[in-house]
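**Q** Just to be clear, the model below is a prediction. Sequence and coordinates:
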Number of protein chains: 2
Amino acid sequence: MSKIKFTALLLMAATISLPITVHSQEHPNLIMTKAGIEKVRKNLGTVPLFDASVASVQKEVDAEIALGIDTPIPKDFSGGYTHQRHKLNFIIAQKAGALYQILEDEKYAKYIKDMLFQYEAMYKTLPVHPQERSYARGKLFWQCLNDSNWLVYMSQAYDAIYDTLTKQERDTLENNLFRPFADFISIGNPQFYNRVHNHSTWGNAAVGMIALVMNDEELLQRALYGIEDDGLEIGGRDNDGGFIKVEGQKAGFLANLEDPFSPDGYYTEGPYYQRYAMYPFLIFGLAMHNVKPEMQVFEHKDNVLLKGVDALLNLSDADGEFFPLNDGQKGMSYYTASLVTAVDIAYQYGKQDPALLSIAEKQNNVLLNEAGLLVAMGIRDGKTQPFAKSSINLSDGPDGQQGGVAVLRYGNEDLTAVFKYAAQGLSHGHYDKLSYSLYEKGDEVLQDYGLARFVNIGQKGGGNYLKENKTWAKTTIAHNTLSQNEQMHFAGKYEIGSQHHSELYLYDDANENVQVVSATEANAYPGTHMHRTLAVIKSAGFEKPFLLDILKVNSDNKNQYDLPFYYMGQVLSNNFSYDSPAILKPLGKKNGYQHLYLEGKGQPATTSTQFSWLGNGKYYTLTSATDVSDELLLTRLGADDPDFNLRRDAAFMIRRKDSDNTVFASVIEPHGSYSPVSELSVNSDSHITELKVELDNNDYTAVSINDVQGNSKLFILSNNNAAPSKQHKLKVGSKTYSWRGTFHYTEM
Amino acid sequence: MSKIKFTALLLMAATISLPITVHSQEHPNLIMTKAGIEKVRKNLGTVPLFDASVASVQKEVDAEIALGIDTPIPKDFSGGYTHQRHKLNFIIAQKAGALYQILEDEKYAKYIKDMLFQYEAMYKTLPVHPQERSYARGKLFWQCLNDSNWLVYMSQAYDAIYDTLTKQERDTLENNLFRPFADFISIGNPQFYNRVHNHSTWGNAAVGMIALVMNDEELLQRALYGIEDDGLEIGGRDNDGGFIKVEGQKAGFLANLEDPFSPDGYYTEGPYYQRYAMYPFLIFGLAMHNVKPEMQVFEHKDNVLLKGVDALLNLSDADGEFFPLNDGQKGMSYYTASLVTAVDIAYQYGKQDPALLSIAEKQNNVLLNEAGLLVAMGIRDGKTQPFAKSSINLSDGPDGQQGGVAVLRYGNEDLTAVFKYAAQGLSHGHYDKLSYSLYEKGDEVLQDYGLARFVNIGQKGGGNYLKENKTWAKTTIAHNTLSQNEQMHFAGKYEIGSQHHSELYLYDDANENVQVVSATEANAYPGTHMHRTLAVIKSAGFEKPFLLDILKVNSDNKNQYDLPFYYMGQVLSNNFSYDSPAILKPLGKKNGYQHLYLEGKGQPATTSTQFSWLGNGKYYTLTSATDVSDELLLTRLGADDPDFNLRRDAAFMIRRKDSDNTVFASVIEPHGSYSPVSELSVNSDSHITELKVELDNNDYTAVSINDVQGNSKLFILSNNNAAPSKQHKLKVGSKTYSWRGTFHYTEM
C-alpha cells in the first residue's frame, strides 16, 4: 500500500515534533469566538439574511423549548422515535447555544444546561444500545456514528454556555458525561474510531471538539492522531463490507484529512458522503483554527479542506443536487445544512470568493457565527457573483494518482456528463468502472441509480441500507457501463476492487465545442481491457450539444458484453423490431440481473440503431453502431423485489455475444421539447442518419456521424499515444487526416 | 332524449323570431374594435404587463417574419411538419394582426396579406388532405377540425388588415379562399359541422367569424343555427365512436352553447376539452358581442359562457393543472393560451372579478385587445385578489339534471377530492361512474389516468388517440371505482352509457371540517346499485385532513368486485402478507385487465388492512375494512403494451368475490413528510389503528375510525333519506345517536 507512505511519514513527523500550545481558555472558542460574537451582536438588525437566519432558528428553538425536553431511553433504529428525538436534541441544543451567545437570553442557556444534566443523569448507567446490527453500537443511538454526531453538536452547545456554569457543574458534566462519552466512542470502539472512513472522521472530530472545550490535551492527541495501540486485527470488516484495518494504517483526524481527499479535494466515497463528512471536517477545522491556529488545519495539504468545498459544489447538477456516485441518495443537494456551514466557512477562510455568495443566497440561510455574518454582509453589499460551473476533472486518491471523476459541461449546464474512472470509494463504492451519467440542466438523461436505501425512513429496513443495495445498486449491470458475461467488475469483491483504479488517458476541455475525457480500465475483468472516451460536442447543425460515447474493448477471450443505457423517460420510437413478451421474466439469476425484467428483445434493422425517448418534456435519441448479430434488450427494474424497494426504471441495452475485441460507439442526442400546456412538439426527430465506426485498430478508432442535412463529422482517437504534441497522420476511407494531439474532430 | 326538449324549443324560438341587424361595417370588429384599439394605443408604454405581452408577441412574430412565409402542400398528421407549419401560420398571422392594429407598422399587414394570397393561390385547387383517417378530412389539415382552427384565427388576421386591402383584393380572397373554405367545413362536411360536439363548435365559430368580417348574412345564419337539411342519417359515428346525429338534434353555435354546458358552466366532455372549446366559444361570443350585441351571446343561458370560465378554473389543482377527467392530457393548465383569452374576456365582460387578476398575473400574459389592457391595468393598479378555490359542486347536462362533478377542498387546496358522478361526456367520456381522484396541493395522491395519447407527438400514432385509449384509459378498471366481474360499466358501450348518468344523493360543504358528497349509480351494472360517499374530514388529533370513502354495493347477484386505488408513489409498508410472483402475468384478458401485471397477491391479516406509500416527499396510508376472504392485489400497468404507450403506474386493489351486498369503507390519510435534503422523516406512521363498518343495512351505514391516541370517530349515513330536515335516531353498538340531516359525524 505505497499510497499511504507519504502520509505515514508526515503523520509520524507531526506526532513527534509538533508542539501543541495550551492556551488560556476562553469561551466560546469553537465555531464562535468572543471577538466574532461581539461583531455579530454589533451588526444585529442590519444584515437581512443574518437576521432572517437568527429569526428562523429562534422560531425553531422556541417551539422545541415550549415542548419541553425529552431524553428517552434509547431503543430505535434511525427511523424510530428515540433516534429522531436524540438527534433533534443535539441539533436544537447547538442552535440554542448560538442563540444564547447572540441574543444573551438566559432561557437558551438554561435549556441546554437542563438537557445536558438529563443526559448526565442517564448516561452514567446507560448500557450499549439494544439494537445489535452495527459493528460499533453506540449508547444513545444504534451506532457510534450517531453518538459521535451528538458529541460534535453538544460540544458546541456546551462551549456556548460554558461560562454560565459553575466549576462544580462543569466537573459533573465532564466527569460523568463528556469524558466517558468520548472514551466510549474512541477507546471503547477502536474498530469505529481508528480507521480512515467517514465514521472515524465523525468520531475524531467529536473527541476533538469536546477536548478543545474541556482543554483536555490527552483527548486532543487522540482526536488528531488516533489510538496508538488499538488492538485491532488486520482485515476486519464493518457492516458495509469495508475494511476496518489494513496494513500500515494510520488513524485520527489528520489521517482522515489526508487519505480520503485527493489533492483536488475529491472525497473518495463520493459527493453524498463528502457532504456528510464535510461538517465534522470543517467544524473541527474551524475549532482548531480558533483554538490552535498554529496547527494550520485549514492550510493542511495545500488547503484541501477548502478545495473540498469547491469540488463538492462542482459535483452537483444545475439544481444543486449532488451526482449520486457510489452510495448516494438522490435529492441531496447544496441546500442541506452541512453545506451552509461549508459555504460560509469556505467564504470566510478561503479567498472570499463572491461566487459562493450566490450559493448562500440560494440556501437563504447562513451559519450563526462570524462566517455567516460575513456572508450575509457580502450579499447585503451586492458582492454576489454567479457560481458558474465549468467542466472539471478531479483526481481521486490521497496523492491524486488513483483515477478520478470528470464532469464535462456545455454552456450553462445545458449538457453535463459525469464520468467515473475512480478508485473503489471505500465501502460505499460501486462496481462501475468507466460508467457515466448524463444531465440536461437539472434533469437526468441517463441516470446513475444511486443507493438502495430510504435514509431515516424506519419502515424501509429501519432506514438503513437495504439488501438491494448490494444485490442491485452496487452491481455493474445497474450502471451505464460494460458488464462481461453477466459478472460484476472485480467479481464484486471489495478486497480486489479496492486494490485497483482506472487510469486517465486524456482530459481536454480547452475547446468548449469539443470536450473530451478518456480513461482505461484493465483490472475489472482480468484479461479484458476497456477504454472509454466521452466527447461533449456542439455542432453548428445541431440544436443542442450531444454526447459521443466510444467504448473500446479488447479481451483475451470471447465474451458476452452488455452495455445498458438507463434512460429517463418514456419510449418514443426506435428503428428496430422487437418481441414483446406476454409475461415478464427476470433477465438473469444474480449480479443484479435477477432484478431486471425483460420487456422487449430485438435485433438491429440497420447498422445505426436508434432509440428515442421523451423525458421531462425533452426529446432524446440514442444512435449506436450495431452489428446484425447484436441483441437489443429493453429492461425494467423490479424483479425479485418483494418489498418494493426498487424504482421501476428502464434501460435500453446492447448485448454483443461471442466477442473479444469490439467497439461500442454511440451518440446520446438531446433535441427539441414538448409542452403539455402549449401542446407544441418541437424538433422531435433525431438529426442523425448514420453513426459508423469507420476504423478501429490498436492505434486508432474513428467514428463518423452523418446528419439529416447531409453533413458529416468524424472523430478520431489515438488509442495508444495521448501526448498533446504528437503528430498523427491517418487514412480513413479515401481521405487522409493529419493532426496534432490525442484526438481529431472535423466536420464536413 | 327528453334532455334536449327545452333546448329545441328555445332554439326554434330563436330561429324564428330574432331579427339580426346588419350594421354598417367597420374594421377591426371581431376581438378588437376601433374604440378599443384607440384605448390600447393611448395607453401603450404605461401598463407593464400589457407592454410586456406586446413585446413578447412582437419578438415571436418578427422572428417568423424573418424566416419567411411557408405554406407547404399538406401531407402530415398532427405530429408532422406540414401540420405544424400551417398551425403556426394561423397563430402567427392572428398575432401579426393584433400587432398591426396596435403598432400601426405596415410590415405586419404585409406579412398577413402575403400569407393570405399564398393560401388563396393554393386553396383554389387544393384536394382533400391525403391522410384518410378522419371521419371529416380537411384540406390544409388531416381533419376539418384543424381547418376550422385555421379559419377562426385567420378571420381575425383578415379583420385586422381588412381596411388595408383594395376591394378587388378582398373579393379575390373572399371568393377564392374564405367562402369556399367556410363552405367546405360546413356544407361540405355536415357530419363534422352539424353536431353538438367541440368539433362543431370550432366549425360554427369559424364560419361565424369569417361571416362577421365579410358581413355575410347567409354564413352567419349557418354559423348560429347550422345547416337546415344536412342529409345525415341518424346513428352515424365519428372516429372516437361518438354519435354524429341523434334524433331531434339541433345544430349550430347556439345549440352547441346550449347543450354541452350545464347551467353551472360545466362542459360535459370535461375540463380538458372545455379548455379547448372555450376559445371558439369566447372568441366568437366576443365577436358577436361587438358586431351583434342585440343577440346577447354572453348573456345566453344565464351567462353560461362566463360561468364556464369560472367552472373551468375551479376544475384545476393547486398548480393550475386541469383534473384529467375523461379524455384529458395531464399537465394542461390555466397557463395555456386559450385560458389567457378566457380569463381576460371573463374579466372584462363579467363582474371584473379581481380574483381573476391573480390568475392573469400567474399567466404573465394578456390578450392584445381591450380586455387584455383592462386586466393589465387592474394588475398595475393593485386590484389583484387571490383566486381562492373552495369546494364546488357542478351539475352536468344541459338542464343540470345529469349528475355532475364535485370537488371537495380543505384549506388552501391542502386536500382536494374530485368526485365524478356525471353523464357519459360524449365521445370523450370514460366508463368510470363514481370514480374519484385525490390531490394534496398540486400532487396526485390517487390518480385519474387521463387519456392515452401524446397530443401532437407524431412518433406516437401520429399524435392522435392511441388504441390504448380505448383498451385502457377509458376502461372501468383504469379508474378508482368499482369493477364488477371484470366488466366495464355499461359493458363499455357508448350507446348505453350515453343514456345514463349517476344521481347526486348529497352535497354538503357547510362545515369545512366535515365535507360530504354522495351519489348513486344504478345503471352501470344492471341489477347492481352503487352508492358512494366521500367525506373530507379534519380531525383535531390528525395532522392533516383525510378522506373517508364509503362504497355501498347492492346487487341481485353474487359478483366479483374489484376496487382499485391508483396510488402515486413507492410502497412503504403494509400490514398483510402477500406472494410476490417471480414472473409477471397479466391480471386478465380484456376490459383493461390485459394491461395490468400482478406484482403481488395477498390476504388481509386483520380486519383493518393498511397500505402505505411515499409520494412527492409525503406519506400516505390507506386503511380499509376488509374481510378475511378478500384478496389484496398489487398491480402495475404495462402488460400488452408493445409500443410503451402506457405509464408503468401501480395500484392497490381490493378484490371481493362471491358477494352481492357489501360495503367498501376506506380512509386515505395523508401524513408527514420526508425531505432528501434534510433527510428528516416526520410523522411517517398512520394515526389510524382500526377502521370498522359498525352497521350496514338498507337505511344506515355507520363507519368507525379509531386512532393511536385512543380516540374514536363515527360517521353515519342515512342511505335512503337525504332530506336535511329529517330527524334520525339510531343505535350503533351500545350507544344511541340522534341527529338531523343526511349524515352524522361525531368524535369521541
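**A** In hand now; what should we look at? Numbering: from 1, shown residues only, chains lettered A, B, ... in the order given.

**Q** which stretch of helix or strand covers residue A:663?
**A** Residue A:663 belongs to strand A:662-671 when assigned by DSSP states H and E.

**Q** after that strand comes which helix or strand?
**A** strand A:673-674.

**Q** List the strands paired with that next one, with their directions.
**A** strand A:681-682 (antiparallel) (DSSP bridges).

**Q** Not counting its own residues, what contacts the helix or strand just after the partner strand?
**A** Next helix or strand after strand A:681-682 toward the C-terminus (DSSP H and E): strand A:688-696. Applying C-beta atoms under 8 Å, 6 or more residues apart in numbering or on different chains, the external contacts of strand A:688-696 come out as A:552, A:607-608, A:610, A:621, A:623-625, A:663, A:665-667, A:669, A:701-708, A:714, A:716, A:730, A:732-733. For every residue, glycine as well, the C-beta is placed using N, CA and C.

**Q** quick one: the next helix or strand after strand A:688-696 to chain centroid distance?
**A** Next helix or strand after strand A:688-696 toward the C-terminus (DSSP H and E): strand A:700-707. When distances are taken as C-alpha atoms, centre = their mean, to the nearest Å, strand A:700-707 is centred 34 Å away from the chain's centroid.

**Q** can you check stretch A:217-229 too?
**A** 28 Å.

**Q** Which secondary structure elements does the strand holding residue A:663 sit against?
**A** If you count contacts as 3 or more C-beta pairs under 8 Å, 6 or more residues apart in numbering or on different chains; DSSP states H and E, strand A:662-671 packs onto strand A:443-446, strand A:546-555, strand A:559-565, strand A:618-625, strand A:650-659, strand A:688-696, strand A:700-707.

**Q** Show me what residue of the stretch 551-700 of chain A gets nearest to chain B.
**A** Per C-beta to the nearest C-beta, residue A:676 is where the stretch 551-700 of chain A lies closest to chain B, at 2.9 Å.

**Q** related to what we said a few turns ago, in its sheet, what does the strand holding residue A:663 sit against?
**A** strand A:546-555 (antiparallel), strand A:618-625 (antiparallel).

**Q** Alpha carbons of it, in CSV - could you do that?
**A** The C-alpha coordinates for strand A:662-671 follow below in CSV (Å, rounded to 0.1, in the frame of the first residue of the first chain):
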residue,chain,number,x,y,z
THR,A,662,-15.0,-4.7,-30.3
VAL,A,663,-16.1,-1.1,-30.1
PHE,A,664,-19.4,0.3,-28.9
ALA,A,665,-19.9,3.7,-30.4
SER,A,666,-23.0,5.7,-29.6
VAL,A,667,-24.3,9.2,-29.5
ILE,A,668,-26.8,10.5,-27.0
GLU,A,669,-28.5,13.4,-28.6
PRO,A,670,-30.9,15.7,-26.8
HIS,A,671,-33.2,17.5,-29.1
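
**Q** any idea how far the residue nearest to residue A:180 when sequence neighbours are not counted is from residue A:173?
**A** In this structure, residue A:180 finds its nearest non-sequential neighbour in residue A:123, 6.8 Å apart by C-beta to C-beta, 6 or more residues apart in numbering or on different chains. Residue A:123 sits 10 Å away from residue A:173, going by C-beta to C-beta, to the nearest Å.

**Q** So which of those two has more stuff around it?
**A** Between residue A:123 and residue A:173, counted using other C-beta atoms under 10 Å in any protein chain shown, the more crowded position is residue A:173 (22 against 19).

**Q** quick one: pLDDT of that one?
**A** As predicted, residue A:173 sits at a pLDDT of 98.

**Q** Can you name the residues of the stretch 551-700 of chain A that neighbour chain B?
**A** Contact residues (C-beta under 8 Å from any C-beta of the partner chain) of the stretch 551-700 of chain A with chain B: A:570-573, A:580, A:582-586, A:597, A:599-600, A:612, A:614, A:636, A:638-644, A:647-648, A:650, A:674-681, A:684-685.

**Q** How many residues are close by the closest residue to chain B within the stretch 401-550 of chain A?
**A** Among the residues of the stretch 401-550 of chain A, residue A:459 lies closest to chain B, at 4.1 Å counting by C-beta to the nearest C-beta. Residue A:459: 19 surrounding residues under other C-beta under 10 Å.
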